[in-house]
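In: no sequence on this one, just coordinates:
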């Protein structure tokens, strides 16, 4: 249940990074890998709660993009998608070499045009 | 001549779902697709499958539902579609097991959905799946649509309780 502090941190970071443009932000996209231990519904709920506390955020859309887990197979020398946390390539080789899935990052910000 | 919606420079603004059970015959049915966890968002902008940009700015706090009618004209209807997702589906064998399952899932703070067939559904999560497997539950992973109306809420009854007190 750390999503509330994550959402607060996201908007604090944006305020620090864009002090002059913060009020023109219309959309914030967060990428969360399936291994990041983030529940998108809790992020969304935390943001809705934050809007009640800080109504000036109501004109911003927060979008959570879930990233699938991608691992690298040393035997095939190619990446494969890990489905339902089965870290095994189609060739049968297990892999713990994670290429994608642990991210938690602000990936896109949209501003109101002048 | 009707305006082609996909040519609009401004998004189509939707503040609430229209009344259900309207006659849609003769209209092109377009879909506004969202993830299950986006149904409660107060604001979101996306393109429909047909390329129409829609801005949802809800005038209320309730969630949107799969099948909600968002827009209706003589040519087109735009309906909300919640994408199916991998779900852990549990088939409880009694009321006590429902309680045990909901307790275990509730401790993870993730929403629980109970279907009309009394199945318990929760969005797939590997650690939770492993935890539930260690119990002796009847459990499957299935692709399902998680309907907001089937979500079990452990909070949000304040207004109802207050109104009951006023009676």
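Out: All right, it came through fine. Quick caveat: nothing in here was measured; it's all calculated off a predicted structure. Numbers count the residues shown, from 1 in each chain, chains lettered A, B, ... in the order given.

In: Which element, helix or strand, includes the most centrally placed residue in chain A?
Out: Nearest residue to the geometric centre of chain A (Cα atoms, centre = their mean): residue A:31, 2.4 Å. Taking DSSP states H and E as the criterion, residue A:31 maps to strand A:25-33.

In: Could you pull up the mean pLDDT of the helix or strand following that strand?
Out: Next along the chain after strand A:25-33, taking DSSP H and E as the criterion, comes helix A:40-53. The average pLDDT within helix A:40-53 is 93.

In: Tell me the helices and strands packed up against helix A:40-53.
Out: Judged by 3 or more Cβ pairs under 8 Å, 6 or more residues apart in numbering or on different chains; DSSP states H and E, helix A:40-53 is in contact with helix A:3-17, strand A:25-33, strand A:61-67. C-betas here are computed from N, CA, C, even on glycine.

In: In JSON lines, list these along with distance to chain B and mean pLDDT.
Out: Below are the helices and strands packed on helix A:40-53 laid out as JSON lines (distance: least, Cβ to the nearest Cβ, whole Å; pLDDT from 0 to 100):
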{"stretch": "helix A:3-17", "distance to chain B": "9", "mean pLDDT": "95"}
{"stretch": "strand A:25-33", "distance to chain B": "7", "mean pLDDT": "96"}
{"stretch": "strand A:61-67", "distance to chain B": "5", "mean pLDDT": "96"}
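
In: Mind checking the ones you listed for the one nearest to residue B:111?
Out: In terms of Cβ to Cβ, the element of the helices and strands packed on helix A:40-53 nearest to residue B:111 is helix A:3-17, at 12.9 Å.

In: So which bits of that closest one are buried?
Out: A:3, A:6-7, A:10-11, A:14 (16 or more other Cβ atoms under 10 Å in any protein chain shown).

In: again with stretch A:75-82
Out: Result for stretch A:75-82 [16+ other Cβ under 10 Å]: buried residues A:80, A:82.

In: gap between that stretch and the chain center?
Out: Its chain's average C-alpha position is 23 Å from that of stretch A:75-82, according to Cα atoms, centre = their mean, to the nearest Å.

In: same check, this time on stretch A:41-61
Out: The answer for stretch A:41-61 is 16 Å, by Cα atoms, centre = their mean.

In: again, but for stretch A:5-18
Out: 14 Å.

In: repeat for stretch A:81-91
Out: Remark: stretch A:81-91 is offset 22 Å from the chain centroid, using Cα atoms, centre = their mean.

In: That stretch near chain B at all?
Out: Yes - in terms of Cβ under 8 Å from any Cβ of the partner chain, part of stretch A:81-91 sits within range of chain B, namely A:84-85.

In: Checking my notes, residue B:78 in a helix, right?
Out: No - secondary structure of residue B:78 (DSSP: H, G, I helix; E, B strand; the rest coil): strand, not part of a helix.

In: dump the residue contacts of it.
Out: By Cβ atoms under 8 Å, 6 or more residues apart in numbering or on different chains, the contact list for residue B:78 reads B:12, B:30-32, B:48, B:52, B:54, B:69-72.

In: Show me which of those are buried.
Out: For the contacts of residue B:78, buried by 16+ other Cβ under 10 Å: B:12, B:30, B:32, B:48, B:52, B:54, B:69-72.
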